[in-house]
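Trainee: Provided below for reference: sequence and predicted model.
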Amino acid sequence: MKTHEMNLQPKYFDFIKDGTKRIELRLFDEKRQQIQLGDIIEFAKSEDEKFKAEVIGLLRYNTFNDLFEDFDISVLADESMTKQELLGVLSEFYTPEKQAEFGVLGIRLKLL
């Protein structure tokens, strides 16, 4: 079991901490390829605000759009957002070219 550190924007930090967002979305780059089932992720909003979650599932897809076809927004973020809004935010961080190069990863989480 390994512990990984990930920073989150405040809104998404709160969504996971509150239990609404149960799948963290990332590019399947070299760093994320190290994540295994049972690993721990320490999420940080700031130096003082952190929490840990266990990886209980790894979902590989070619694009975020493909992943979004299989899951409701209520587990991907929060019902206050639409899938289109979340896709827009993700595309600011992960271009379609990067998604094509690496693929994407949905990390199913259980709060500790």
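Mentor: Right, received. Where do you want to start?

Trainee: ok, Asp29 - contacts?
Mentor: Lys98, Phe102 (Cβ atoms under 8 Å, 6 or more residues apart in numbering). The way it works is simple: take the backbone N, C-alpha and C, and place the C-beta from them, glycine included.

Trainee: I should have written Lys17 there, sorry.
Mentor: By Cβ under 8 Å, 6+ apart, the contact list for Lys17 reads Phe43, Phe51, Leu111.

Trainee: so which residues of the chain form strands?
Mentor: Under the criterion DSSP state E, the chain contains strands at 3-7, 23-27, 40-44, 50-61, 104-111.

Trainee: list of residues touching the first one?
Mentor: This means strand 3-7. When contacts are defined by Cβ under 8 Å, 6+ apart, strand 3-7 is touched by residues 24, 26, 31, 34-35, 39-45, 52.

Trainee: okay, the angle between it and strand 50-61?
Mentor: Using axes from the mean of the first three to the mean of the last three Cα atoms, to 10 degrees, the direction of strand 3-7 lies 90 degrees away from that of strand 50-61.
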